[in-house]
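1. sequence isn't available, so here's the structure alone:
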């Protein structure tokens, strides 16, 4: 039996996927999470075989959750299920450790096939996403080095998401259980590492790389 954790900030989406997956004899949904932070905690607690992961979620995005789950839960594999086919978002998710990437307009059979393939140790990409990956590979040799989220620590990426979503230092301090001065230090480090000098540019960077969504 393949154990699955569903992660999406829309309950109706989770319920629809659960209903479809549980019609399969070899699949069982062992948990659901509404954001990346919940996903990390549940993955550590339940040790799923597969996590079906949305990307744009509040609190902690799916890319950061993928990094942490891949690091902390041995043998767990991630399938991204997102509405976004933007190259930056796709490539960051795959670099974070996702083994599959599906668009949300895919069929239920595609999700089931992806789960089986990834569980067997293979990769699975929607046809549109395969094109994005090939394009990125072809352009890689001509690409100038640029700032990426990978330059930041896990905590800095968490702080960046919350800054981009409009939280104050005091709110971030309470949310992450760290001192406000530590939040300010993270902000300075983030700006220096990314060579960004204002919050507006930080927000644009976070949106471009799928660290946050457009709505708080």
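-> Happy to help now that I have it. Keep in mind it's a predicted model, so treat the numbers as computed, not measured. Numbering: from 1, shown residues only.
2. and stretch 5-15, end to end?
-> Using Cα to Cα, to the nearest Å, one end of stretch 5-15 lies 12 Å from the other.
3. could you list the low-pLDDT ranges of the chain?
-> Per-residue confidence for the chain (pLDDT under 70) gives these ranges: 135-146, 213-216.
4. how is it divided into domains?
-> When the chain is parsed with automatic domain parsing, its domains come out as 2-140, 149-208.
5. deepest of those, which one?
-> Per-stretch averages of neighbours, counted by mean count of other Cβ atoms under 10 Å, single out domain 2-140 among the domains of the chain, with a mean of 19. No exception for glycine: its C-beta is placed from N, CA and C like everyone else's.
6. for this structure, what spans make up the helices?
-> Under the criterion DSSP state H, the chain contains helices at 11-21, 36-46, 62-72, 87-96, 108-119, 127-140, 154-164, 169-176, 180-194, 199-208.
7. for the shortest one, name the packing helices and strands.
-> Yep, that's helix 169-176 we're talking about. helix 154-164, helix 180-194 (3 or more Cβ pairs under 8 Å, 6 or more residues apart in numbering; DSSP states H and E).
8. redo the ones you listed as JSON lines? Include distance to residue 91.
-> Formatted as JSON lines, these follow (distance: least, Cβ to Cβ, whole Å):
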{"stretch": "helix 154-164", "distance to residue 91": "16"}
{"stretch": "helix 180-194", "distance to residue 91": "17"}
